[in-house]
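Chemist: coords please:
(one chain, ligands or ions: 2)
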Amino acid sequence: MELSKKALEIKSSLTLEIDAKAKKMKADGCDVVGFGAGEPDFNTPDVIVDAAKEALDKHYTRYTPVVGILELRQSICDKLKKDNGLEYSPNQILVSNGAKHSIYNALQAILNPGDEVIIPSPYWLSYPEMVKLGGGEPVFLETKEENNFAIEIDKLTELINDNTKAIILNSPCNPTGCIYNRELLEQIAELAVKNNIFIISDEIYEKLIYDGEKHVSIASLGKDIKDLTIVINGMSKAYAMTGWRIGYAAASEEIIKVMKNIQSHSTSNPNSIAQYASIAALEKTEKAVSESVLEFNRRRDILVNEINDIPGLSCKTPKGAFYVMVNIKDILGKKYDNKPIEDSLSFCNALLDDQMVAAVPGAAFGIEGYIRLSYATSVENIKKGTERIGKFVTKLQ
Ligand code: PMP
Ligand code: GLU
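Modeler: Ligands and ions are numbered 1, 2, ... in the order given. Just a heads-up that it's a prediction; the model follows:
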């Protein structure tokens, strides 16, 4: 029996695996504190749930156009105009089953064998695997904690060659929380336009931004860069809608048409009820979103303080998203249960065994010496979890 060589190279999503393991342990009665997957713990706001109920009552339960219903695509255009200063028409929008699906479609639409895609590292773990699924090759652009994980433009320039097809940008970034400012985005845009490189701009954490920072979409920096950019966004994070599976892409009509054709043969339209609910999410949740941002901000500050109080651990204050990268370099080499903790994976495994705290190893995001904690969980859990992490670290010899 021979399976697809390409498919066999693909790793499973470690964030989803760790989340499933923590949820199962919880269901089995274990007192697990989950800092694993980035999933808001808030309920989806009532106004969104009500819109879904209304859609059900109206029996909006049939196939919709592959690209999504016109009302939702119009609403997305209005949002892009209002929030990002971007002019798109509904035929430049494709609604898909989550932003993950939108990115997947985008890569399938642009890549040819041997094309290189530059991915700033640490990165969200699905990007390299999706590039490989599209027949392309991920090329990593290393960023460092000392520079707040910002892209260094000289290093980016060095990586560009004739095979470079696209750059994936993710601001605010999962896992680092880093935000790309206008000046940096202008430099990246200039490089992309000069070398005719696509930009996939994953802006799913756009609303989750703190300390007065501003989100800038690279597509808003001029017509030439807009033509090369595929803007990605979705409902999961800002509106606590992870299970509803709605994301979208905005790009030139030419790109969207190819992405639509791919989607038409793989998943057809995304769920009809969730599409109606998403209109309410985009149009009626301003207050709910600003309340959750305030709450995430509060949790971030508590988590960062608690971590920096633990000897041997440290972290910077992230400016966006809901993750903290904890530096564990001083801990590596110490022993747990007589075995040395050699890397971020063995740290996370031992932490889960010993203290029932779930975290994601930095290795999953392409960086060693760090673990990622998600603060999309209650203050009570953050306090309990960090106390346990502190106990774990003091036990190590
Ligand atoms: N991009 C990033 C950076 C993410 O962290 C996630 C989280 N799952 C996604 C895209 C995809 O989100 P979803 O498919 O739930 O819309
Ligand atoms: N994006 C979230 C995370 O990074 C959810 C899990 C996933 O889709 O990978 O944890």
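Chemist: Need phi/psi at whatever residue of the chain ends up closest to ligand 1.
Modeler: Minimum separation of the chain from ligand 1 (C-beta to the nearest ligand atom) falls at Gly98, amounting to 2.7 Å. Using the backbone N, CA and C atoms, a C-beta is placed for each residue, glycine as well. As for Gly98, its main-chain torsions (degrees, to the nearest 10) stand at phi 100, psi 160.
Chemist: what does the protein have sitting close to ligand 2?
Modeler: Selection of the chain residues close to ligand 2 by C-beta under 6 Å from any ligand atom yields Ser13, Thr15, Leu16, Ala37, Gly38, Lys100, Trp124, Ser126, Asn174.
Chemist: Can you name the residues that contact the fourth one?
Modeler: Translated: Ala37. With C-beta atoms under 8 Å, 6 or more residues apart in numbering as the criterion, the residues that contact Ala37 are Thr15, Leu16, Ile18, Asp19, Val360, Ser374.
Chemist: if we go to 7 Å?
Modeler: Ala37 makes contact with Thr15, Leu16, Ile18, Asp19, Ser374, according to C-beta atoms under 7 Å, 6 or more residues apart in numbering.
Chemist: Repeat that for the first one.
Modeler: Contacts of Ser13 were listed using C-beta under 7 Å, 6+ apart, and they are Leu125, Ser126.
Chemist: On the pLDDT front, check it for me.
Modeler: Per-residue pLDDT puts Ser13 at 84.
Chemist: on that earlier part again, for the contacts of Ala37, which one is nearest ligand 2?
Modeler: Relative to ligand 2, the closest of those is Thr15; by C-beta to the nearest ligand atom it sits at 3.6 Å.
Chemist: After whichever strand or helix holds that closest one, which helix or strand is next?
Modeler: Following DSSP states H and E, the helix or strand that holds Thr15 is helix 14-27. Towards the C-terminus, the helix or strand next in line after helix 14-27, according to DSSP H and E, is strand 33-34.
Chemist: Who are the packing partners of the helix or strand just after that next one?
Modeler: Following strand 33-34 in sequence order, the next helix or strand is helix 46-57 (DSSP H and E). With contacts defined as 3 or more C-beta pairs under 7 Å, 6 or more residues apart in numbering; DSSP states H and E, helix 46-57 has these neighbours: helix 272-283.
Chemist: Residues touching the helix it packs on, excluding its own?
Modeler: The set of residues that contact helix 272-283 without belonging to it, under C-beta under 7 Å, 6+ apart, is 47-48, 51-52, 55-56, 60-62, 64, 68-69, 71-72, 75-76, 79, 95, 235, 239, 241, 244-246.
Chemist: Just the buried residues out of those residues, in PyMOL syntax.
Modeler: Buried members of the contacts of helix 272-283, identified by 16 or more other C-beta atoms under 10 Å, are gathered into one PyMOL selection as follows:
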select buried, resi 47+48+51+52+55+64+68+69+72+75+76+79+95+235+239+241+244+245+246
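Chemist: From the contacts of helix 272-283, which land in helices?
Modeler: In this view, these that belong to helices under DSSP state H are Val47, Ile48, Ala51, Ala52, Ala55, Leu56, Glu71, Leu72, Ser75, Ile76, Lys79.
Chemist: Show me the two of those residues that sit farthest apart.
Modeler: Comparing every pair within those by C-beta to C-beta identifies Leu56 and Lys79 as the most remote, at 24.0 Å.
Chemist: Now do the contacts for the most centrally placed residue in the chain.
Modeler: In the chain, the centroid-proximal residue (C-alpha atoms, centre = their mean) is Asn174; its distance is 5.0 Å. With contact taken as C-beta under 7 Å, 6+ apart, Asn174 is in contact with Gly38, Trp124, Tyr205, Ala321, Tyr323.
Chemist: Among those residues, which ones lie close to ligand 1?
Modeler: Judged by C-beta under 6 Å from any ligand atom, the overlap between those and the neighbourhood of ligand 1 comprises Gly38, Trp124.
Chemist: Can you add secondary structure and pLDDT and give the contacts of Asn174 back as a markdown table?
Modeler: Formatted as a markdown table, the entries for the contacts of Asn174 read as follows, by DSSP: H, G, I helix; E, B strand; the rest coil; pLDDT from 0 to 100:
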| residue | secondary structure | pLDDT |
| --- | --- | --- |
| Gly38 | coil | 89 |
| Trp124 | coil | 97 |
| Tyr205 | coil | 98 |
| Ala321 | coil | 98 |
| Tyr323 | strand | 98 |
